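J.: Would you be able to build a 3D model of this:
(chains A and B)
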Amino acid sequence: MISHPTAAELSEAVAAFDAEPAVPGDARQAFLARVADNARATLAREAEYGARLEAEAVARLTALLGQTGDFATLNAGLCEALKTGAIDPLEPALLAHLRATAIGQIAIDQPTYGGLAALLDGGGRSG
Amino acid sequence: MDVAAALDHLAPRLSPTATRAINARRLSGGASLETWAFDLDDGTPLILRRRPEGAAMRETALALAAEAALIRAADAAGAPTPSVVQVCAPEDGLGEAYVMRRLEGETLGRRIVRDEAFAAVRLGLARRCGQVLARIHAVPTEGLPPLATSDARGELARYEAIYRELGARRPILEAAFRWLEAIAPPPPERPVLVHGDFRNGNLMIHPTGGLVGVLDWELAHLGDPAEDLGWICVNSWRFGAWKKPVGGFGDYDDLLDGHGGGITLDRVRFWQALGSLKWGVMCLMMYQSFVTGADRSIERAMIGRRTSETEIDLVALMEAA
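T.: Okay, the predicted model is just below:
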């Protein structure tokens, strides 16, 4: 379910970086090495929670749309319903799904991102 | 062309007491635009901004001569900017380029938001940002180089078209497009000069002098002044200090008061949400350059995973609506 990039693409990018010869003292490469470390940590979190988050998302989408299918089908259906206006963007049941989706994905991508604390705090109202 | 040699040749025209340029070094920066720091032998610290010949321009980016003209106009209107010393001619051998004074300070948002050295200056910074933006927004638009004009609906349509082109399926972004379309404010009666990228990273902050320079005018255009106020409130530029909506260092009231009180918080919050949405689409675009092979770096791949930070911010904003 996690995309842009998928875990496979991210693994490929990490492997490509690891295959490059190290240039001691190069600032750009030092920066990219930190990015690669972050990517490995992201992949580890995705391996740990990704399948559970997808199963939970499928259950929510099934209830929200009244349809069955795999994650990709249901997610595409939701996008279409939002695009055509069949679902109002501020409908509470939709927002509950979007909230859970956002929390799950940030737990994989950037668990320390301040937006998570803000959302849990109702920070949209103050910040 | 050897940039250092060209700068050396140019040196006597950059300062009457200089004979040569020294210490020329390229700073990190974008692929299409280069930034060089150098000094003159009379001690003058300078910056060169140049577009190498053949480098592609971003669709919305200004020509460097136009950028220099805007900096001069903002300077004349009392906004802090690095003074433009020279707009380079073709015979200078530097391509499209201009030279400006090098300011002392820090642009790294993480340091500005967290370091003790900036604690005192942080207190008044949101108000100061409002004041500086008011100066920029008051620049007389007659006599400026030709600039694009945009408004809320136009920006939404532009970014939605990019999003559709990418073929991504992100329900939060879909919902945000529809929500913002429904509440988009009408264009201002009179479009003003908008900086277009006023945020941490493009603001030179001095530990005692505060905001001493507004940098990177590449995305300047005519439009809604609330766009600039909203952009600096996007959570992605708060560096973890999410309780301080203005750049991680200040509050809405100070920003709005500093600007003069003519703009409502609702209008700023609209542009803040549109800013998060735009940044989310930009992250997808940068990831796309990894997919297409234009840039296979791990950096390009990983920025796609920053889309989710804009999504969590958009959910918070939609819940509060």
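J.: Show me which residues of the stretch 201-321 of chain B are close to chain A?
T.: Counting by CB under 8 Å from any CB of the partner chain, the stretch 201-321 of chain B comes close to chain A at B:235, B:238-245, B:283-284, B:287, B:290-291, B:296-299, B:301-302, B:304-309, B:311-313, B:315-321. Any C-beta I mention is one placed from the backbone N, CA and C, and that applies to glycine too.
J.: Just the buried residues out of these, in PyMOL syntax.
T.: To isolate the buried ones among these in PyMOL, judged by 16 or more other CB atoms under 10 Å in any protein chain shown, type:
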select buried, chain B and resi 235+238+239+240+241+242+244+245+283+284+287+290+291+296+297+298+299+301+302+304+305+306+307+308+309+311+312+313+315+316+317+318+319+321
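J.: Figure out how far whichever strand or helix holds B:Pro12 is from the centre of its chain.
T.: Here B:Pro12, judged by DSSP states H and E, is contained in helix B:3-14. Remark: helix B:3-14 is offset 28 Å from the chain centroid, using CA atoms, centre = their mean, to the nearest Å.
J.: Repeat that for stretch B:118-127.
T.: Its chain's average C-alpha position is 20 Å from that of stretch B:118-127, according to CA atoms, centre = their mean.
J.: pLDDT of it, averaged?
T.: The average pLDDT within stretch B:118-127 is 97.
J.: Helices - which of the residues of the stretch 201-321 of chain B next to chain A land there?
T.: Within these, membership in helices is found for B:283-284, B:287, B:290-291, B:298-299, B:301-302, B:307-309, B:311-313, B:315-320, as judged by DSSP state H.
J.: per-residue confidence at A:Gly127?
T.: Looking at A:Gly127, its pLDDT reads 52.
J.: quick one on the thing from earlier: what mean pLDDT does the helix holding B:Pro12 have?
T.: Mean per-residue pLDDT for helix B:3-14: 95.
J.: elements contacting the helix or strand just after it?
T.: As assigned by DSSP H and E, the chain's next helix or strand after helix B:3-14 is strand B:21-27. With contacts defined as 3 or more CB pairs under 8 Å, 6 or more residues apart in numbering or on different chains; DSSP states H and E, strand B:21-27 has these neighbours: helix B:3-14, strand B:34-40.
J.: what's the closest of the ones you listed to B:Gly230?
T.: Nearest to B:Gly230, of all these, is strand B:34-40, at 26.8 Å by CB to CB.
J.: is chain A contacted by the closest one?
T.: No: Strand B:34-40 stays clear of chain A (CB under 8 Å from any CB), getting no nearer than 14.3 Å.
J.: Kindly calculate the angle that that strand makes with helix B:3-14.
T.: Per axes from the mean of the first three to the mean of the last three CA atoms, to 10 degrees, the angle that strand B:34-40 makes with helix B:3-14 is 50 degrees.
J.: Longest helix in chain A, please.
T.: helix A:27-65.
J.: which parts of that one are buried?
T.: Across helix A:27-65, burial judged by 16+ other CB under 10 Å covers A:29, A:32, A:35-36, A:38-39, A:42-43, A:45-46, A:50, A:53-54, A:57-58, A:60-61, A:64-65.
J.: swap in stretch A:65-81?
T.: Buried positions in stretch A:65-81, judged by neighbour count with 16+ other CB under 10 Å: A:65, A:74-75, A:77-79, A:81.
J.: Contacts only, for the closest residue to A:Arg40 other than its chain neighbours.
T.: Spatially, and ignoring its direct neighbours in sequence, A:Arg40 is nearest to A:Val14 (6.1 Å; CB to CB, 6 or more residues apart in numbering or on different chains). By CB atoms under 8 Å, 6 or more residues apart in numbering or on different chains, the residues touching A:Val14 are A:36, A:39-40, A:43, B:298.
J.: again, 10 Å this time
T.: Taking CB atoms under 10 Å, 6 or more residues apart in numbering or on different chains as the criterion, A:Val14 is in contact with A:35-40, A:42-43, B:298, B:301-302.
J.: Next: B:Leu133.
T.: Neighbouring residues of B:Leu133 by CB under 10 Å, 6+ apart: B:79, B:192, B:194-195, B:198, B:214, B:225-226, B:228-229, B:232, B:255, B:258-260, B:263.
J.: Let me see the mean pLDDT of stretch B:287-300.
T.: Throughout stretch B:287-300, pLDDT has a mean value of 92.
J.: ok, and what's touching that stretch?
T.: With CB under 10 Å, 6+ apart as the criterion, stretch B:287-300 contacts A:3-5, A:9-10, A:12-18, A:20, A:28, A:31-39, B:31, B:162, B:165-168, B:284, B:286, B:301-307.
J.: And the closest residue in space to B:His206 that isn't next to it in sequence, what's its pLDDT?
T.: Distances taken as CB to CB, 6+ apart put B:Gly105 closest to B:His206, at 4.0 Å, once the chain neighbours are dropped. According to the prediction, B:Gly105 has pLDDT 96.
J.: Name the SS class of B:Leu193, please.
T.: strand (DSSP: H, G, I helix; E, B strand; the rest coil).
J.: and the spatially most central residue of chain A, what is it in contact with?
T.: Nearest residue to the geometric centre of chain A (CA atoms, centre = their mean): A:Gln105, 3.2 Å. Each residue near A:Gln105 by CB under 10 Å, 6+ apart is listed here: A:1-3, A:46, A:49-50, A:53, A:57, B:170, B:172, B:305, B:307-309, B:311-312.
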